[in-house]
Structure formats: C-alpha cells, structure tokens
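K.L.:
fold the following and give me the result.
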Amino acid sequence: MLNLSVDAFSKMKKLRLLRVLCLLNCDDLKYFSNELRLLDLTGYPLKSLPSKFQPGNLVVLLLPYSRIEQLWKGNRPLYKLKIIKLKGSQNLIKTPDFTTAPYLEVLIMEGCTRLVDVHPSLGVLKRLQLLNLRDCKSLRSLPTKIGMESLETLILSGCSNLASFPEIDGKMEHLKSLDRSGCYKVEYLPENLHQAQFLEELDLSKTAIKEPPSFISQLKNLKVLSFDGCKGPYKLKRNLLSLFKVSQRGRMNSIAPMLPSLSGLTSLTKLKLRACNLGEGDIPSAISCLYSLTRLDLSVNNFNRIPASLTGLSKLEDLSLSSCGLCNMGEGDIPSDISGLSSLKVLDLNGNNFTSIAASLARLSNLQYLGVCNCRELESLPVLLARKTSEWKHNWSYFIAINNYRLAENMSAITLLKRHIKAFENSRKRFDVVIPGNEIPEWFSQQRGGSVIEIPLPLNIQNDNQWIGVAFCCIFGGDDGSELKVIGGPT
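P.N.:
You can find the predicted model right below:
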C-alpha cells in the first residue's frame, strides 16, 4: 500500500513516466505533470484524474480496476494518445469525447459494468485497431454507425443489454475478429459485413439471431465460427442447411444431393454448434467439404449415435458430443467408416446415456483422449488403449471416467488398470486412467497420507529394463474437510 499526500507529485514538473505497482491510498491528488507520456495506476482510488491535469502529451493511459467514474470533465487535447485501458473499472459511467483523440489505437473497457453508453465520437476513430467492451453488462447502445477503418478486433461478448449492432460505414477491410457472444438482445448483423474479407473469427453464441446470416458463406478467410446456444433454436436448425451451398453457373442455391460444397468456408478450422437443437439428420454430408476443420463442438444437441456424416472430416482432431443424449454406442452403431476420422485425438462423450462402447472405436488410430465422465449408465468398456505399440504415435494418452459408478460396479478399476499396464509394458508411454473404484490393490508397496506425498523410486530407474512406471490410487475425502489420501507404489 502506497500512501500519497494531496501534493505528492507537485514538484515533479518534468515527469514523463509514472507507474505504480502497488495499491494507492489517498484522499485526493491535485497534480500530475503535463509532460506525462505514460500513466499506469492499477486500482486508482479516485473518481477522476486531477482537474488541472492536461494530458496533451499522454500516449498510454492504464487505469485498470480503478474507482474512476469519468476521466475528466469537458474536452481535453488527446492528439498523442494511442492506448486507453480501463479494464475492471466498475464505477465508470461516462467515456470521454474521442474527437480530440484521432490517433487512438487500443481502447479496453472490459468489465466496466456501470457504463450505459459511449460517446458517439467512438464511431469515427479511423486508427482504432482494438475495441474491447466485454462484460459491459449495462451498455445499451453504440454509435448508430461505425467507420473504424483500421479496426481488427471488436469484442462485445457479455454485453447482455446491448439492443442493436451499429451499421458499418465503409468496408472495415482489416477486421479479423468479431465476438458478439452473450449479446442476448441483438438479432441481426449488418449485411455489408460481408465486405470484411479478412474476417477470421465470428462468434454469435447466445444471441437472438434466428438463422445464420446469408453472407457467411462469402467469408473466405473465416477460421472460427460459433453458434453456441443461439436463441430461436428451431429456426437455426431449420436454416442450418443455408450454410451448405453449391455453386451452379455463378448462382448460389440450396444444398443439392450431388456435389455439395461449402464454397467460402474452406479456411474454417473451428466450428461450434453447441446447444442448437440439432439431430443426427441435420448434419449434412457436405460438412466433409470443410477440409480444414480441426475442431467441431456439437455438444448439448440431440444425437442417438455418432453422425455418420462426420467421418469424412479427415483433419478433425477434436470432436465434442458431450450431453447429446447418445444412447447407441455398441457394435453396429459406430459408423462403419469411423477410421475416416484418422486425425482425431480428442473424443468428448461426457454426460451421455450409452451402456457400452463398441470395440470398433479403437479404429481411431490417433485417439489420445476419451472422455466418458458422468456417463452414469455405462456398464462395460473394451480395452480401447490396448493396441500394438507400433500403432501409437504419441507419448501421452488419457481415459477419464469420473462418476461412472455402474462401470466401477461391473468392471474392476484395478482390472482395467492392469490391462493397460500389460498393453504398454514395452512401450514406455505415459497414460492416465481415472475411474471410480472401491478397492486398493494388494500389490501397492508404498502407502502414504497427508498433503505432501513422497514415494521412493529405484535408484537405477534409468537403466532398469524391468521398470514400467508408477501407479497411484487416490482416496478423496468428503465434505467434512478431510484431506486427500494417496496410496501409490511402483508397478
């Protein structure tokens, strides 16, 4: 804590850089040098900057987590100012007039929860590259038009009271990222956003948009697209196919049964359609044309089994089908060409209702993580990880099965562990298995308890060909505050 008097800086007439890296305690400050180029005061405790401060030479203003309500009253010359960061300043109720700050490049007001609107001059900042208004929950309006020609990143996520998105005046050719997730009241995007040719990330999660904007297919550089939990899910489901189009003689028509393509989305690497009320038949085979796709999130939808249309995604590395109501994962339910997902490393099946998993899932030759947490109906499991050592192309694999109590009742966790140890006995690979159980192996040679566990390892561990690894059995305490107890020993 730094205790400052009212005139603490009054004699520092030529001060150009002021950075305080601790908490401030003061009732008032009357003076800051007008020569300041950088002012960095985290947790600034006052409602405004000194009234006599003239920030004409200021280049960087950093007042995160401050108690400031407004920077100053009236207009101030800000012709050298490039960066303003007011993140977490929850008392901020008014922004300055940006007319005198034409060279501003970065404006961060994330978490300014009392801010209701911004000065209209914000919309004409030609040099602005980053505008971050994340979690400005009271924000109701932006300028009706924005002409921020240099803008690269626009973050409006969590602006839950924002009523509308401004019209775009110009092309905004440099825009790369637009995040509108959590803007529950905003229903539309301006159609001329298609002119943002270099847009790479578009997040429309948890908005009131009822169908994918028609211009999305024209965004040839789009890499990340999210419709996570959009309102009006029935409309979104019905119009999802509008994303999948074919080009015929220069015209764009609805998806056709032959030669479907996703022209314009070939750069897409991440697609989120979480909680959009989709069923298995709503994922068209044309999705295979997204040949750059590496991550696909279809969680919290309605699938009985893994959609067969996904198997054409040969570059897909991460697939989430958690909480989808999957109930069919036996032989015959797994797509026959599941091996087409040849790059898949992560398969998230958490929170589903299937009772068993077919051994044919082992054809996913690069799978490193299988998540079946909270699959409370799961009763049996094949030894998915027990393959020939030569087939493994990675050094670390996971199997996580937290809260799978029926599996623990029907298949001993120790039996499962022993099978994996045997499968890897010559490979020196690392693998993690997490599964509930009710017994401690008899062959655990070391037993310890407490907050710090030390287990002695063989001195010749590097040269001992008989050494496989270490197995741990963890016993977690209950809600009574009891400590975690770990029992472990060398295999």
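
K.L.:
avg pLDDT for stretch 347-365?
P.N.:
Confidence over stretch 347-365 (mean pLDDT, whole number) is 88.

K.L.:
please state the offset of that stretch from the chain centre?
P.N.:
Offset of stretch 347-365 from its chain centre (Cα atoms, centre = their mean, to the nearest Å): 24 Å.

K.L.:
now do Met1: how many residues are near it, please.
P.N.:
Counted with other Cβ atoms under 10 Å, the neighbours of Met1 add up to 6. No exception for glycine: its C-beta is placed from N, CA and C like everyone else's.

K.L.:
how about Thr144?
P.N.:
A count of neighbours around Thr144, defined by other Cβ under 10 Å, yields 11.

K.L.:
mind listing what it touches?
P.N.:
123, 166-167 (Cβ atoms under 8 Å, 6 or more residues apart in numbering).

K.L.:
same check on Cys183?
P.N.:
With Cβ under 8 Å, 6+ apart, Cys183 has these contacts: 156-160, 162, 165, 206-208.

K.L.:
any idea how far it lies from Ala163?
P.N.:
Distance of Cys183 to Ala163, computed by Cβ to Cβ, to the nearest Å: 9 Å.

K.L.:
can you check Gly170 too?
P.N.:
23 Å.

K.L.:
next one: Asp203
P.N.:
Counting by Cβ to Cβ - Asp203 and Ala163 are separated by 19 Å.

K.L.:
who has more neighbours, the two?
P.N.:
Asp203 (22 against 13).

K.L.:
check contacts around the more buried one.
P.N.:
Asp203 touches 157, 178-181, 224, 226, 228, counting by Cβ under 8 Å, 6+ apart.

K.L.:
just those: which are in strands?
P.N.:
Among these, the residues falling in strands (DSSP state E) are 178-179, 224, 226.

K.L.:
and the helices in the stretch 101-250 of the chain, which stretches?
P.N.:
233-239 (DSSP state H, counting those that start in this stretch).

K.L.:
so where's it uncertain?
P.N.:
210-212, 229-250 (pLDDT under 70).

K.L.:
and the strands in the stretch 301-450 of the chain, which stretches?
P.N.:
Here the stretch 301-450 of the chain has its strands, by DSSP state E, counting those that start in this stretch, at 318-320, 346-348, 369-371, 396-400, 430-434, 446-447.

K.L.:
lowest average pLDDT across the ones you listed?
P.N.:
Looking at those, the weakest mean confidence is strand 396-400, a mean of 62.

K.L.:
correct me, but Leu41 touches Leu61?
P.N.:
No. Using Cβ atoms under 8 Å, Leu41 makes no contact with Leu61, being 9.2 Å away.

K.L.:
anything in contact with each of those two?
P.N.:
By Cβ under 8 Å, 6+ apart, no residue touches both Leu41 and Leu61.

K.L.:
on that earlier part again, overlap in contacts, Cys183 and Ala163.
P.N.:
Counting by Cβ under 8 Å, 6+ apart, nothing touches both Cys183 and Ala163.

K.L.:
stretch 140-149: end-to-end distance?
P.N.:
23 Å (Cα to Cα, to the nearest Å).

K.L.:
just list the residues touching Ser141, thanks.
P.N.:
117, 162-164.

K.L.:
which single one of the residues you listed is nearest to Lys315?
P.N.:
If you rank these by distance to Lys315 using Cβ to Cβ, Leu162 comes first, at 36.0 Å.

K.L.:
distance of the closest one relative to Asn328?
P.N.:
42 Å.
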